[in-house]
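> everything below, folded, please.
(one chain, ligands or ions: 1)
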Amino acid sequence: MNYQWYPGHMTKARREMEEDIRLIDLMIELVDARVPFSSRNPDIDAMAKGKGRLVLLNKADLADPAVNQQWCEYFEKMGYQALLVNARSGEGLRSIQGKVQAACREKLERDRRRGIRNRPVRAMVAGIPNVGKSTFINSYAGKAVAKTGNRPGVTKGRQWIRPQKDLELLDTPGILWPKFEDQAVGLRLALIGSMNDDLLVKEETALELLAFLAETYPQALPGRYGIAAGTPLEMLEAVGAARKCCKKGGEADLERAAGLLLDDFRSGRLGRISLERPQKGNGLS
Ligand code: G4P
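So this is what the prediction gives:
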């Protein structure tokens, strides 16, 4: 997938989402638990004004459990329901039903006062590319998706799927665009693999990761590669030496070492690591 966002893409994605938002009671926003700030587009707050809000911190399996809790509290303080999930394994998905009810309490009470019973909550899933929207829809509503698709006479276009009795979900997620203006955001999205690696200078990205790990997760590098602390460049060389990344003449192949390191980080082999915390100095209050 190509993660370059041109004004045309953004306008189209935004228009499509705005049309869908008119139909829903609840916005289910997916963010990457390792970078909940950088993987959100705050425009969603204005777009989904007046709707119930549920933030799913997906890929929680890759993020630091203690920091995960802090992010949940942060979003709850903002007035949203929040939940840690792993859309790939399905962990956490069972708690969604309760969160949906809590996020839509006002609407459900209004319905009850008007004598409307059993009207399902209508929701859509949204997030920037690669946060796991499709994986989530499939694991949460997989059977329902297949059933709706197979029904004869169902017209193409928007379709509602019913993962549970009291919830209807749009089968296509809303796509938000990342906020690239801030360099630190771009770097963190690159680190989690949400941008095409060809566009990046891998070594530079790897050096940034090494500096961050040495400071925040000092056990990660010795644990995986048995290397000692040093400058980022020394550590990249040490990763290369530990993994025998050499060019033909015996010279260290730092690009390969950087690729290995980034792969290890993205797949969780360096441990559960969060790149952002909900603290001042993080663009957050
Ligand atoms: P999108 O629709 O938001 O663009 O994201 P998508 O579902 O395509 O997921 C992007 C990648 O993230 C996929 O990996 C997917 O398996 C992975 N993923 C989604 N949710 C989770 C999660 O909770 N934990 C972990 N560890 N990974 C998750 P991929 O490598 O692109 O594809 P594949 O190897 O799974 O086929």
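> going forward, measure contacts and count neighbours with C-alpha atoms only.
Will do.
> ok, which stretches of the stretch 151-285 of the chain are helices?
183-191, 202-216, 220-225, 232-242, 254-266 (DSSP state H, counting those that start in this stretch).
> give the buried residues for the first one.
Okay, so that is helix 183-191. 185-191 (16 or more other CA atoms under 10 Å).
> who does it touch, helix- and strand-wise?
Applying 3 or more CA pairs under 8 Å, 6 or more residues apart in numbering; DSSP states H and E, one finds that helix 183-191 contacts helix 202-216.
> just to revisit the earlier point, dump the buried residues of helix 183-191 to a markdown table, plus pLDDT.
Formatted as a markdown table, the buried residues of helix 183-191 follow (pLDDT from 0 to 100):
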| residue | pLDDT |
| --- | --- |
| 185 | 91 |
| 186 | 89 |
| 187 | 92 |
| 188 | 94 |
| 189 | 94 |
| 190 | 93 |
| 191 | 95 |
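> looking at the helices of the stretch 151-285 of the chain, which is closest to the ligand?
helix 254-266 (8.5 Å; CA to the nearest ligand atom).
> got the angle for that closest one vs helix 202-216?
Counting by axes from the mean of the first three to the mean of the last three CA atoms, to 10 degrees, helix 254-266 lies at 50 degrees to helix 202-216.
> report all helices and strands that helix 254-266 contacts.
Using 3+ CA pairs under 8 Å, 6+ apart, helix 254-266 sits against helix 202-216, helix 232-242.
> how far is the helix or strand hosting residue 9 from where the chain is centred?
Using DSSP states H and E, residue 9 maps to helix 7-21. Relative to its chain's centre, helix 7-21 lies at 19 Å (CA atoms, centre = their mean, to the nearest Å).
> which helices and strands does that helix pack with?
Looks like helix 7-21 contacts strand 174-175 (3+ CA pairs under 8 Å, 6+ apart).
> save the helices and strands packed on helix 254-266 as CSV, and put in mean neighbour count too.
Shown next, in CSV, are those (neighbours: other CA atoms under 10 Å):
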stretch, mean neighbour count
helix 202-216, 18
helix 232-242, 20
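> what residues does this structure put near the ligand?
With the criterion set to CA under 6 Å from any ligand atom, the chain comes near the ligand through 58-59, 61-62, 86-88, 129-135.
> list only those of the residues you listed flagged as buried.
By 16+ other CA under 10 Å, the residues of the chain next to the ligand give 58-59, 61-62, 86-87, 129-135 as buried.
> next step: those restricted to helices.
133-135 (DSSP state H).
> what about residue 70, distance to residue 31?
14 Å (CA to CA, to the nearest Å).
> more neighbours: these two, which one.
For residue 70 and residue 31, the more surrounded residue by other CA atoms under 10 Å is residue 31, and the numbers stand at 28 against 14.
> tell me the secondary structure for that one?
strand (DSSP: H, G, I helix; E, B strand; the rest coil).
> what's the burial count for residue 102?
16.
> phi and psi next, for it.
phi -70, psi -40 (degrees, to the nearest 10).
> that one reaches residue 80, doesn't it?
No - if you go by CA atoms under 8 Å, residue 102 and residue 80 don't touch, sitting 9.5 Å apart.
> for this protein, which spans come out with low pLDDT?
The chain contains residues with pLDDT under 70 at 1-5, 143-157, 199, 280-285.
> middle-most residue in it, spatially?
Nearest to the mean C-alpha position of the chain, by CA atoms, centre = their mean, lies residue 32 at 2.4 Å.
> and that one, what are its bridge partners?
Residue 32 forms beta bridges with residue 58, as assigned by DSSP bridges.
> export stretch 56-63 as PDB, just CAs?
Backbone C-alpha positions of stretch 56-63 (Å, rounded to 0.1, in the frame of the first residue of the first chain) are rendered in PDB as follows:
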ATOM      1  CA  LEU A  56     -10.000   0.700  20.300                       C
ATOM      2  CA  LEU A  57      -6.300   0.700  21.100                       C
ATOM      3  CA  ASN A  58      -5.400  -2.100  18.600                       C
ATOM      4  CA  LYS A  59      -2.200  -4.100  18.400                       C
ATOM      5  CA  ALA A  60      -2.100  -3.900  22.200                       C
ATOM      6  CA  ASP A  61      -0.100  -7.100  22.100                       C
ATOM      7  CA  LEU A  62       2.800  -5.100  20.700                       C
ATOM      8  CA  ALA A  63       2.600  -2.200  23.200                       C
END
